[in-house]
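Enquirer: Need coordinates for the following:
(2 chains)
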There are 2 protein chains.
Amino acid sequence: MKSALLALLLASSPLAAQQPVAPPPGGPTTATRPRATPLPVAPDPKAARLRDQAMSDDTAYALVEGLTTEVGPRMTGGSARQAYARDWAVARLKALGFKNVRIEPYTLHNVWERGAETAEIVGLYAQPLHVTALGNTGATPAAGLTAPVVYFPTFNDLLLAPAGSLAGKIAFVSNAMEPTQDGSSYGSAGSARFVGPNVAAQKGAAALVIRSIGTDHGRGPHAGTTNFDAGVAPIPAGALSVADAENLERMLKLGKPVTMKLTLTPRFVGDRESGNVVAEVPGTDPRAGIVLVGGHLDSWDLGTGAIDDASGVAITAAAAKLVMDAGRPRRTIRVVWFGDEEIGGFGGEAYARAHAGEYHATASESDFGADRVWRFETNFGPAAKPIGDRLAVTLAPLGIVRGTGTAGDGTDIAPVVKTGVAGVDLNQSGLRYFDYHHTPEDTLDRVDPAQLRQNVAAWTTMLQIVANAPESIEPVPPRR
Amino acid sequence: MKSALLALLLASSPLAAQQPVAPPPGGPTTATRPRATPLPVAPDPKAARLRDQAMSDDTAYALVEGLTTEVGPRMTGGSARQAYARDWAVARLKALGFKNVRIEPYTLHNVWERGAETAEIVGLYAQPLHVTALGNTGATPAAGLTAPVVYFPTFNDLLLAPAGSLAGKIAFVSNAMEPTQDGSSYGSAGSARFVGPNVAAQKGAAALVIRSIGTDHGRGPHAGTTNFDAGVAPIPAGALSVADAENLERMLKLGKPVTMKLTLTPRFVGDRESGNVVAEVPGTDPRAGIVLVGGHLDSWDLGTGAIDDASGVAITAAAAKLVMDAGRPRRTIRVVWFGDEEIGGFGGEAYARAHAGEYHATASESDFGADRVWRFETNFGPAAKPIGDRLAVTLAPLGIVRGTGTAGDGTDIAPVVKTGVAGVDLNQSGLRYFDYHHTPEDTLDRVDPAQLRQNVAAWTTMLQIVANAPESIEPVPPRR
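Expert: This next block holds a predicted model:
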């Protein structure tokens, strides 16, 4: 903790923030070390002024409040409330003064829809458990499925289970997840959800339940999507709340057989219409490329999608408005509120198809909550490197450190980034994010207005500098 | 905060803890001030030894873990799981070595049982809200009741509503609750639940929803009971989660009509058998009276009843066992795990009826969670005053301060205390309690093992001193 704090304080000095600085002996190492004393870089004065202005701007909070209050859950997958959210978004973005505000429709295929979902232990330890079905999974009979529970402390233990050993059983994978600032624990702990149902199905399991992929200890299960290999029939699969998973583990450790009755009745409802909402700040130089920013408008249905991702659409729009109001930028800023990120990134794919011929200078996505930005990343080519240096010194007063050069992260911008567009990432702290992610608890009160403003300040700084940079921003080697 | 910390540190000195000490000028005042320097009092050496032993004893945690894992929710009102909990309790209390372990049955009349419970906003702001029915309330039609919402920021505003003004409406009372160490905010904020439905019914409301009586900001609604005056027909009434109540307030403040569809289908199912579980540590002197301690075995059904009140039954039993194992006490210690506290204190009433002829020296109840004891209270008569002084100096190392002399608190011991039995109260901190009280979040992980051990140490100290005191413990004026 102390080292991290020290790094953060050092980062507040523009010089130190410009490039990674060698840590003191005995401390943690960094991936790159400077070979010589870095040259001084002047902060961008107009971006600095807008950055400070953003720190008292509540446009983003008003958008998050509106989306969670007036629209509420905007279930991914072309739901009626998602359609209403698009209309609401168009009205708000027009009212904010954006140009070319429109819905770009697309079709979703074979949409998954939640049904009933209950779980209970039957027999000696009879009690209800809190469960939610995972996206794209199959259904139990309407009257439920009652079967013995087989316990796998970790996903790796499930992988080690012999073929066929799970026939007629409910597999239970319970690996825990620790919070990480960069969110990297989602990748490791998340395997139980991302591919657990597919693995359990291949081993013959009647169903799978997992400990929610979350860092809380509450009763709200964490929703989320999964996928099955071609030819593997989806089995019923759900996430237990962390508290319920821990209770089930305690039961299993008592050494007697434990039986669960699981009722999950999702279904595939065919094709549905959905869409992305697009708004623009037209630039003065059409040949300089588009600066693409955004988040996703859809949400899981258990909460009201405040941190995931009303915050992301709000942050990017509020920042674009601050830049717009300060004078027309060189590059067009395009704000996209993507549809259907949660169920498979279909909004991002539709956007990339619809805009395949356009020159995007950069692409950036905000989809990691509302907590403060702690790091930024760019992967600019040689001509645009000075933009990164100006970003470093102008973002530093917000306590933002420079990363190691891997950029272009995000489900919705991935199809664009894959074509060789440069990424500019503003990384939010993930230390609280997975307490609420995809749960009923993702509500407005999880958004800290002060941290949300810091996000807007960071994005305003970034947009002002990148959209107005005199340098060329060339394609980069596509991200692996 | 500083003043409270200072008082706590001062309390760690036995002399200072013996009686309230005059605060420094400018600080908060206390209800009583010493008139002279207090006389020194020797701590009870055997109680001190047992107290320190209790700080590494996990009997209580094992009981809480067992009740929440093996039994789970033990719905108040003579439910099947409550009956199983009694059998489980008898087996555990016998295994711990208690004598005369038994179930004392009684009959509950006109039992209320939960049904379906959903709430949603319909129309413009359509979204689901999390709700739970309040005990003893009426039902909506099975298909739900759809009606406009009338907003009352506080319970007092509901009281001010003109007679008949709520006809065909759903009244919504949304007073917030702040945490207090002594739990006193439950009394003031709680009126919305305790008598709100009765008031709304008398003013003609079709139904009532309240902001949960809780200090959290989550999605779990807080259950709890209410009552209607004779002749007032119960209306449907439920508690929204705090997050949902805040969302509904935001909708209402937008100035347009808001309509709710509420479905609550509880019913009254007639008479049911229930019971108290009793265990004893027989004393050497039958004429010295019974030291009555306990908590309640039933729970609300949304959580697993860990802090309410598996902790209370566990703390009192674990303390009684430590005293029992250290040698037979003078007075009989009777541990009662009361049934049906939640729905109306019927276990306590049944106990008082069944034991009306017996001489109880003291009565004490643990029913305020599992967080640390911060204060103790006694209302001993003159002959027993020295017992209070010994308690003060022997409890002081646990950071426990002496209160101002109002004792005998608790729903289950109230019928006994009303007959003039002295109370000895060990007050737990309420600063976290109403985050989880009666919610789905009342699960094992809310119990801090270290604080639970401090509780056991306090109760062990109390039982060792009170059960063995050579003084007479006479009746006191009954509590108002």
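Enquirer: Under a three-state scheme, what state does the residue in the stretch 251-400 of chain A that chain B sits nearest to occupy?
Expert: In the stretch 251-400 of chain A, the residue found nearest to chain B is A:M251; the distance is 5.8 Å by C-beta to the nearest C-beta. Every C-beta, even on glycine, is put in place using the N, C-alpha and C of the backbone. Assigned by DSSP: H, G, I helix; E, B strand; the rest coil, the conformation of A:M251 is helix.
Enquirer: isn't it right up against A:G123?
Expert: No - A:M251 is beyond contact range of A:G123, at 10.1 Å (criterion: C-beta atoms under 8 Å).
Enquirer: Which one's more surrounded, those two?
Expert: Taking neighbours as other C-beta atoms under 10 Å in any protein chain shown, A:M251 and A:G123 compare with A:M251 leading, 19 against 12.
Enquirer: burial of A:I315, as a residue count?
Expert: 34.
Enquirer: Show the backbone phi and psi for it.
Expert: Main-chain dihedrals, A:I315, degrees, to the nearest 10: phi -60, psi -50.
Enquirer: so it touches A:L452, yeah?
Expert: Yes - the pair A:I315 / A:L452 is scored as a contact, 7.0 Å apart, by C-beta under 8 Å.
Enquirer: Now for these two: what residues contact both?
Expert: A:60, A:370 (C-beta atoms under 8 Å, 6 or more residues apart in numbering or on different chains).
Enquirer: who's in contact with A:G231?
Expert: Per C-beta under 8 Å, 6+ apart, neighbours of A:G231: none.
Enquirer: for chain B, what are the nearby residues on the stretch 351-480 of chain A?
Expert: Residues of the stretch 351-480 of chain A lying close to chain B (C-beta under 8 Å from any C-beta of the partner chain) are A:440-441, A:443-445.
Enquirer: Regarding chain A, what is its longest helix?
Expert: Ranked by residue count and defined by DSSP state H, the top helix of chain A is helix A:449-468.
Enquirer: tell me the pLDDT at the nearest residue to A:G303 once chain neighbours are set aside?
Expert: Residue nearest to A:G303 in three dimensions, not counting chain neighbours: A:D442, with 3.1 Å by C-beta to C-beta, 6 or more residues apart in numbering or on different chains. Here the pLDDT value assigned to A:D442 is 98.
Enquirer: Give me the three-state assignment for A:D442.
Expert: Applying three-state DSSP: A:D442 is coil.
Enquirer: What values do phi and psi take at the residue nearest to the spatial centre of chain A?
Expert: In chain A, the C-alpha nearest the mean C-alpha coordinate belongs to A:D367, at 3.7 Å (C-alpha atoms, centre = their mean). The phi/psi pair for A:D367 (degrees, to the nearest 10) reads phi -150, psi 50.
Enquirer: Check A:L50 too.
Expert: phi -70, psi -40.
Enquirer: In contact with it, which residues?
Expert: A:322-323, A:326, A:460-461, A:464.
Enquirer: A:A147 now?
Expert: Contacts of A:A147 by C-beta under 8 Å, 6+ apart are A:168-170, A:206-207, A:259-260, A:262.
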